[in-house]
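Peer 1: fold the following for me, if possible:
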Amino acid sequence: MNIQAAYDYIIIGAGSAGCVLANRLSEDPSVSVLLLETGGSDKSIFIQMPTALSIPMNTKKYAWQFETQPEPYLNNRQMHCPRGKVLGGSSSINGMVYVRGHAKDFDEWQQSGATDWDYAHCLPYFKKAETWAFGGDDYRGDTGPLGVNNGNNMQNPLYKAFVDAGVDAGYFATDDYNGQQQEGFGAMHMTVKNGRRASTSNAYLRPAMQRNNLTVVTHALVHKVLLEDKTAVGVRFKRKNKLHDVKVNKEVILSAGSIGSPHLLQLSGIGNKEVLESAGIECKHELNGVGENLQDHLEFYFQFKCTQPITINGKLDWWSKLNIGVRWILKKDGLGSTNHFESCGFIRSKAGVEWPDLQYHFLPAAMRYDGKEAFAGHGFQVHIGHNKPKSRGSVKLVSSKPEVAPEITFNYLQHQDDIQGFRDCVRLTREIINQPALDEYRGEEIQPGTHIQNNDEIDAFVRESVESAYHPSCSCKMGTDELSVVDPQTKVQGIQGLRVVDSSIFPTIPNGNLNAPTIMLAERAADLIKGHALPPETVPVTGDQQWQTQQRAGQAKR
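Peer 2: Take a look at the predicted model:
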């Protein structure tokens, strides 16, 4: 492989953000772009076939298999935190769920100091990124690289029954939670195109790799950003046991994710002085927010037996799996072409909460997300989580060796409001599942179990059973306060020629899965780097007008 001595832009990480940047920056034939990725090819059938989603995230070849420190508020459990290590990054190992977040999530960013990152400025880039299967409008795009659809269009009757149950319970139905109204129940969207995973590798990187000005280097472990005084001048990485120092003419861009980017800043001597020096790293630029403000979503599964033999649990024998796989290989359709999360809900946990803070993923099966355990019989489940946590954690390096994983602590459920949020999850979900729309399908409650009732019982169940939704973020926050790592232009505070562009720079975590907002952020950052930006678009955003006094739209009628 011919690696030049210098490039105009060096992007570290070929993930959800890095692939977008590689495509958009290399659109200008006058600039040279180097994209570095520690992992390798994403051509495996287990990555490309949507239904196989649990395999790549649990495979060392395709994902960093990080583990947290013992979480002090979760009975000292060590939580699994896989991150993509393959072309496409976490967009090649995730659940393919496409959720932008609520408009107010981005207004919240602006209010926290991320100037011009409100919803009006972000919406044009959500639209630019996607091709929505049902056509474009004021909210949705129809010419972007990223294919978005509803999988098999809710053919299993359980999907619609769940939506109807939400409406029975007094909540809104929403035609498009990524459009004018997030709050309510409806069809869920996924990043799948023509039956294949629509990762950023497939959507953005592969077309751009035909350009002569883009160089993609895989199996490259970046050791650090090279600094001279307060300027990034290049990158050091190892490939096939050989060290390479490559210079940069314009900018180095970290897109290594919410674990990798703060870790690389710290390895480069940028961060909290005490943290750096305790790991044997000279502090070249003190920036106390690096690795701080870490946030994630937690969730657990409400599982029920199903009284009718219509669930995916009946398709887990080897013969059925073979038939699903062969059909997908030949036609790219059927059960192999969906992530099976085809209906969902977004609700508010209590009156006085302005926009949804609880999210539902419905699955017509009873099994673990990682595929390791399934109920022996027919069942269905709904994933539920409190999505606006107040607990905060950190990422801290512990060694000057780049191959040594950093210390990750989320402090899940540290804040009392997060504990209350999961109590609300249990009680509100039980009420929804017990609505008439699910009467013909609902059997015995498998998990948590009807014996879990009072606050102490719910808290104990949650501490023992809750899992990460795999949404680490916010560890290099964007803003202007003392813990901000990058400014609203995505430039690292106090360092020339260095940016961070990925979910680590979110100021706060949105209500939803993070792939869509990460792609949006990279689209907009690419334009900022180029020196221009799309004009903001102001559109109506609706929800419950009585949010201050009622928990759901139909509460006043009940």
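Peer 1: where along the stretch 351-500 of the chain do the strands fall?
Peer 2: Under the criterion DSSP state E, counting those that start in this stretch, strands of the stretch 351-500 of the chain are mapped to 358-363, 379-386, 394-396, 407-409, 442-447, 467-468, 498-500.
Peer 1: the second one pairs with which strands?
Peer 2: Strand pairing for strand 379-386, using DSSP bridges, gives strand 298-306 (antiparallel), strand 358-363 (antiparallel).
Peer 1: for the strands of the stretch 351-500 of the chain, which one sits closest to Gly89?
Peer 2: Among the strands of the stretch 351-500 of the chain, strand 498-500 comes nearest to Gly89, with 14.6 Å by CB to CB. For the C-beta atoms, the positions are set from N, CA and C on the backbone; glycine is no exception.
Peer 1: circling back to that earlier point, please tabulate the strands of the stretch 351-500 of the chain in TSV, including the columns distance to Phe422 and mean pLDDT.
Peer 2: Listed next are these as TSV, based on distance: least, CB to CB, whole Å; pLDDT from 0 to 100:
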stretch	distance to Phe422	mean pLDDT
strand 358-363	9	97
strand 379-386	6	96
strand 394-396	22	98
strand 407-409	19	98
strand 442-447	14	95
strand 467-468	12	96
strand 498-500	31	98
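Peer 1: those: which one's closest to Ala208?
Peer 2: strand 498-500 (19.0 Å).
Peer 1: summarise which helices and strands that closest one is packed against.
Peer 2: Judged by 3 or more CB pairs under 8 Å, 6 or more residues apart in numbering; DSSP states H and E, strand 498-500 is in contact with strand 242-254.
Peer 1: and the strand it packs on, what's buried?
Peer 2: Applying a neighbour-count criterion of 16 or more other CB atoms under 10 Å, the buried positions in strand 242-254 are His244, Val246, Val248, Lys250, Glu251, Val252, Ile253, Leu254.
Peer 1: and for stretch 315-324?
Peer 2: Going by 16+ other CB under 10 Å, stretch 315-324 has these buried residues: Ile324.
Peer 1: which other residues reach it?
Peer 2: Residues outside stretch 315-324 that contact it (CB atoms under 8 Å, 6 or more residues apart in numbering): Thr51, Gly314, Gly334, Leu335, Gly336, Met367, Ala374.
Peer 1: and stretch 159-176, how far from the chain's centre?
Peer 2: 24 Å (CA atoms, centre = their mean, to the nearest Å).
Peer 1: report how many residues lie close to the closest residue to Leu397 other than its chain neighbours.
Peer 2: Using CB to CB, 6 or more residues apart in numbering and skipping the chain neighbours, the partner closest in space to Leu397 is Gln266 (4.3 Å). Counted with other CB atoms under 10 Å, residues neighbouring Gln266 total 26.
Peer 1: then Gln266 would be within a helix, right?
Peer 2: Yes - applying DSSP: H, G, I helix; E, B strand; the rest coil, one finds Gln266 inside a helix.
Peer 1: bridged to Thr34, which residues?
Peer 2: You called it Thr, but residue 34 is Leu. Ile10, Thr215.
Peer 1: ok, now which ones touch it?
Peer 2: Ile3, Gln4, Tyr7, Tyr9, Ile10, Ile11, Thr215, Val217, Val246.
Peer 1: highest mean neighbour count out of the strands paired with strand 379-386?
Peer 2: The highest mean neighbour count among those, using mean count of other CB atoms under 10 Å, belongs to strand 358-363: a mean of 25.
Peer 1: show residues contacting it.
Peer 2: For strand 358-363, contacts defined as CB under 8 Å, 6+ apart pick out 97, 99, 158-159, 162, 166, 185, 188, 297, 299, 312, 340-349, 380-387, 421, 424-425, 428-429, 511-512.
Peer 1: also stretch 46-59?
Peer 2: 42, 44-45, 62-63, 65, 82, 86, 88, 92-96, 151, 190, 192, 195-197, 199, 202, 324-325, 328, 335-340, 369-371, 470.
Peer 1: what's the answer for stretch 66-78, then?
Peer 2: Contacts for stretch 66-78 (CB under 8 Å, 6+ apart): 79-83, 259, 391, 405, 407-414, 463-464, 466.
Peer 1: end to end, how far does that stretch reach?
Peer 2: 10 Å (CA to CA, to the nearest Å).
Peer 1: centre of the chain versus that stretch, how much separation?
Peer 2: Put simply, stretch 66-78 sits 21 Å off its chain's centre (CA atoms, centre = their mean).
Peer 1: tell me the mean pLDDT for that stretch?
Peer 2: Stretch 66-78 shows a mean pLDDT of 98 in the predicted model.
Peer 1: for the nearest residue to His189 once chain neighbours are set aside, the count of nearby residues, please.
Peer 2: Using CB to CB, 6+ apart and skipping the chain neighbours, the partner closest in space to His189 is Tyr98 (4.2 Å). Neighbour count for Tyr98, taken as other CB under 10 Å: 25.
Peer 1: what do you get for Lys273?
Peer 2: Count around Lys273 with other CB under 10 Å applied: 15.
Peer 1: could you do the one 5 residues further on as well?
Peer 2: Counted with other CB under 10 Å, residues neighbouring Ser278 total 12.
Peer 1: measure it to Trp132 for me?
Peer 2: Going from Ser278 to Trp132 by CB to CB, to the nearest Å gives 49 Å.
Peer 1: just the buried members of the contacts of stretch 46-59?
Peer 2: Counted by 16+ other CB under 10 Å, the contacts of stretch 46-59 give 42, 44, 62-63, 82, 86, 88, 92-96, 151, 190, 192, 195-197, 199, 202, 324-325, 328, 335-340, 369, 470 as buried.
Peer 1: could you give the backbone dihedrals for Thr68?
Peer 2: Backbone torsions of Thr68, given as degrees, to the nearest 10, read phi -80, psi 170.
Peer 1: now for Leu267: which residues touch it?
Peer 2: His223, Lys224, Ile281, Leu397, Ser400, Pro402.
Peer 1: sorry, back to before: need the strands of the stretch 351-500 of the chain in JSON lines (columns: distance to Thr115).
Peer 2: What follows is the strands of the stretch 351-500 of the chain, written out as JSON lines (distance: least, CB to CB, whole Å):
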{"stretch": "strand 358-363", "distance to Thr115": "28"}
{"stretch": "strand 379-386", "distance to Thr115": "29"}
{"stretch": "strand 394-396", "distance to Thr115": "25"}
{"stretch": "strand 407-409", "distance to Thr115": "30"}
{"stretch": "strand 442-447", "distance to Thr115": "44"}
{"stretch": "strand 467-468", "distance to Thr115": "31"}
{"stretch": "strand 498-500", "distance to Thr115": "16"}
